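Enquirer: can you look at this prediction? I've put the sequence above it.
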Amino acid sequence: MLSAFRSALATPDLRKKILFTLMIVAVYRLGAVIPAPGVSYNSVQACQAQVETQSFYSLLNLFSGGALLQLSIFATGIMPYITASIIVQLLTVVIPHFEELKKEGQSGQSKLTQYTRYLTIALAILQATGVIALAERGGMFPNCTEQIFPDNSVVAMALTVLTMTAGTAVMMWMGELITERGIGNGMSLLIFLNIAAQIPAEGANILSQNTPVVFAFVCLLALLIIASVIFVEQGQRRIPVQYAKRMVGRRMYGGTSTYLPIKVNQAGVIPVIFGSSLLYLPDLLSNMIGDPNNASGFQRFVQTYVSDQGSWVHIILYFALIIFFTYFYITITFNVDDRAEEMKKFGGFIPGIRPGRPTAEYLRFVLSRITLPGSIYLGIVAILPNFFLSITGEGQNQNFPFGGTAVLIMVGVGLDTVKQIESQLMQRNYEGFLR
């Protein structure tokens with residue numbers, strides 16, 4: 001392992017990419033702590049301590065790297081870009097024009113990327129407006145009496161919204177720079193950094209609120225979860241594909257054997273993000289429509305059964321939503337008819353299966369069989385911290401950042417980044433990390 005690191009830093013091209021990525025990371029983390037204009041830094045710090053243990057805001061703060069509750073220039077985070085990417089990806093199935101752009105290759109992909117950027121800016125404006133409105137009305141800091149915005153005029157609020165929107169655009173630009181000139185996928189790496197930046201503080205929280213034995217048990221559980229996630233993420237079903245020989249002029253092509261890999265977790269972390277976002281929507285609505293200190297019947301129901309991460313109703317709903325969104329997302333993104341048509345076009349076939357419709361039916365059967373354990377795996381990993389909270393009785397007053405979406409994203413991004421570094425080392429005849 002140490003020799004692989006030494007080889008990576010000794011290679012000039014790879015060293016430049018790694019240093020460039022680290023420079024972008026440093027700039028990104030600096031922007032996460034700079035408060036937006038019009039925000040009282042001292043008031044935000046005083047109010048932040050009162051909501052750190054609330055499940056809804058602790059989750060959002062975890063994915064923004066602590067920028068949300070500090071109302072910094074990067075408070076909206078990278079989530080508008082992720083949401084826009086998912087929307088555009090789903091629209092390629094619904095809108096024929098988008099589907100044609102996807103099939104055009106690089107030029108069509110450039111247009112789809114441009115649409116994604118425009119949609120990201122629109123979503124960032126909406127999210128920044130919502131964050132500022134929640135903070136101003138007391139929905140984000142319900143028990144705080146500090147004045148967060150000394151000047152709450154329309155011009156001052158518009159400047160804050162504009163700054164947060166510009167922060168999202170800068171993050172999107174930095175993510176694309178990392179993808180083009182650095183190491184790994186830029187957007188995924190920024191999310192990875194957001195989660196990693198919050199883990200030390202959340203671990204100190206667990207240690208301060210519990211005994212060292214409980215903290216040691218949590219760390220051991222985290223290691224077991226990470227090892228299990230790595231094992232399953234590497235698992236795949238390899239369907240053999242044979243290409244027939246064909247003559248082009250005087251040369252013969254084809255006759256090769258390969259395989260079509262179908263991962264156990266084909267949907268990635270998207271179903272967990274969809275499920276968690278849908279579950280936290282009632283909490284957001286209850287804070288916006290009513291006074292948190294004088295809860296109505298709807299607010300009490302949400303706080304008791306939906307917002308409480310240790311509630312069995314919350315756990316069952318979360319698990320069911322993840323399974324549903326896993327099947328839904330795989331059906332949308334993995335088109336078995338297109339795969340079968342591509343294989344038939346290039347003379348490929350699965351041994352024992354006729355090309356065309358029988359191949360599509362076989363792929364659909366295999367995909368449905370492998371999606372079931374994949375969805376159950378995602379659900380179990382996601383609800384493990386919730387199940388732990390229900391057993392310990394800590395409820396929503398305990399943060400548990402070492403499970404669920406956080407581990408899935410960190411392990412997935414970490415493996416992808418290491419594989420990219422390893423592939424570049426192997427091109428230069430060096431041994432990689434994964435031996």
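Expert: Nice, I can see it. Fair warning: this is a prediction, and the values are worked out from it, not measured in the lab. Residues are numbered from 1 along each chain as shown.

Enquirer: can you tell me how far Ile132 is from Ser110?
Expert: Counting by C-beta to C-beta, to the nearest Å, the gap from Ile132 to Ser110 is 33 Å. For glycine as for every other residue, the C-beta is placed from the backbone atoms N, C-alpha and C.

Enquirer: ok, those two, which is more surrounded?
Expert: Higher neighbour count among Ile132 and Ser110: Ile132, with 24 against 11, using other C-beta atoms under 10 Å.

Enquirer: which positions within stretch 234-250 qualify as buried?
Expert: For stretch 234-250, a neighbour-count test (16 or more other C-beta atoms under 10 Å) marks 239, 241-243 as buried.

Enquirer: turn those residues into TSV, including secondary structure and distance to Ile380.
Expert: Formatted as TSV, those follow (DSSP: H, G, I helix; E, B strand; the rest coil; distance: C-beta to C-beta, whole Å):
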residue	secondary structure	distance to Ile380
Ile239	strand	26
Val241	strand	32
Gln242	strand	37
Tyr243	strand	39
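
Enquirer: of all the residues you listed, which two lie farthest apart?
Expert: Farthest-apart pair in the buried residues of stretch 234-250 is Ile239 and Tyr243; separation 13.7 Å (C-beta to C-beta).

Enquirer: name the residues contacting each of the two.
Expert: The overlap between the contact sets of Ile239 and Tyr243 (C-beta atoms under 8 Å, 6 or more residues apart in numbering) is empty.

Enquirer: moving C-terminal of the strand or helix carrying Val161, what's the next helix or strand?
Expert: Assigned by DSSP states H and E, Val161 falls within helix 154-181. Where DSSP H and E defines the elements, the next helix or strand beyond helix 154-181 is helix 186-209.

Enquirer: got the angle for that next one vs helix 154-181?
Expert: 110 degrees (axes from the mean of the first three to the mean of the last three C-alpha atoms, to 10 degrees).

Enquirer: in helix 186-209, which residues are buried?
Expert: 186-198, 202-203, 205-206.

Enquirer: in the stretch 301-435 of the chain, where is pLDDT below threshold?
Expert: 303-310, 385-404, 427-435 (pLDDT under 70).

Enquirer: so which residues of it form strands?
Expert: 348-349 (DSSP state E, counting those that start in this stretch).

Enquirer: distance from the longest helix along the chain to the middle of the chain?
Expert: With secondary structure taken from DSSP state H, the chain has its longest helix at helix 357-392. Using C-alpha atoms, centre = their mean, to the nearest Å, the mean C-alpha position of helix 357-392 is found 17 Å from that of the whole chain.

Enquirer: ok, stretch 349-367 next?
Expert: Centre-to-centre, stretch 349-367 and its host chain are 32 Å apart (C-alpha atoms, centre = their mean).

Enquirer: what residues does that stretch touch?
Expert: Here stretch 349-367 has contacts from 237, 239-244, 260, 262, 266, 330, 334, 336-337, 339-341, 343-344, 348, using C-beta under 8 Å, 6+ apart.

Enquirer: tell me the buried residues in that stretch?
Expert: Quick answer for stretch 349-367 (16+ other C-beta under 10 Å): 349-350, 355, 359-360, 362-363, 366-367.
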